[in-house]
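# this is the structure alone, sequence omitted:
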């Protein structure tokens, strides 16, 4: 069975799609369009609509507290990635803290291996989202071309930098 969008999601998606870059769609407008308070009973429709518009049409919205959504221009989208990276770093740190609370020696061998893999993975995420690391990567970008993942990793391996 294929996922079917709700009527409310389709309506919210349509209202948001019509918004021009820099334009604002208020929560009141969205609530009126679907007939329920978008912040209470329609939040899942709003979330789904935003995800669909990002995925299918590269339309991105930021939030304006207690007002609504603002369609972001390309430079504004780039600016939001700093807070995204900070959030990812905090989540990785939280995961590492949970792993640190485990009595490793009491784990079966399979769980020990999973613990080691998870620690390495979360540690790498935390490391690569630190401001110092981001600045180092930024200094290595000498043009507006893409920086390859392999080149980025090599930059840290060659220096022997480890956390």
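Perfect, I can see it now. For clarity, every value in this text was computed on a predicted model and none was experimentally measured.
# give the contact list for the residue nearest the centre of the chain.
Compute the mean C-alpha point of the chain, and by C-alpha atoms, centre = their mean the closest residue is residue 84, 5.0 Å away. Counting by C-beta atoms under 8 Å, 6 or more residues apart in numbering, residue 84 touches no other residue. The way it works is simple: take the backbone N, C-alpha and C, and place the C-beta from them, glycine included.
# in the helix or strand where it lies, which residues are buried?
Secondary structure assignment for residue 84, by DSSP states H and E: helix 74-100. Across helix 74-100, burial judged by 16 or more other C-beta atoms under 10 Å covers 85, 89, 92, 95-96, 99.
# hmm, back to that, so how far is residue 90 from the residue nearest to the centre of the chain?
Going from residue 84 to residue 90 by C-beta to C-beta, to the nearest Å gives 11 Å.
# quick one: residues in contact with the helix or strand containing residue 70.
Per DSSP H and E: residue 70 is located in strand 68-71. Outside strand 68-71, the residues within contact range by C-beta under 8 Å, 6+ apart are 16, 19-30, 50, 59-64.
# mind listing which of those are in helices?
Among the contacts of strand 68-71, the ones falling in helices (DSSP state H) are 16, 27-30, 50.
# out of those, which end up buried?
By 16+ other C-beta under 10 Å, the ones in helices among the contacts of strand 68-71 give 16, 27, 30, 50 as buried.
# just to revisit the earlier point, format the buried residues of helix 74-100 as a markdown table; extra columns: distance to residue 72 and pLDDT.
Output for the buried residues of helix 74-100, formatted as a markdown table (distance: C-beta to C-beta, whole Å; pLDDT from 0 to 100):
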| residue | distance to residue 72 | pLDDT |
| --- | --- | --- |
| 85 | 17 | 91 |
| 89 | 22 | 96 |
| 92 | 26 | 96 |
| 95 | 29 | 97 |
| 96 | 32 | 96 |
| 99 | 35 | 97 |
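# any chance of a markdown table for those, columns distance to residue 127?
Output for these, formatted as a markdown table (distance: C-beta to C-beta, whole Å):
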| residue | distance to residue 127 |
| --- | --- |
| 85 | 12 |
| 89 | 9 |
| 92 | 9 |
| 95 | 13 |
| 96 | 11 |
| 99 | 15 |
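# of the residues you listed, closest to residue 39?
Relative to residue 39, the closest of the buried residues of helix 74-100 is residue 85; by C-beta to C-beta it sits at 27.0 Å.
# thank you, goodbye.
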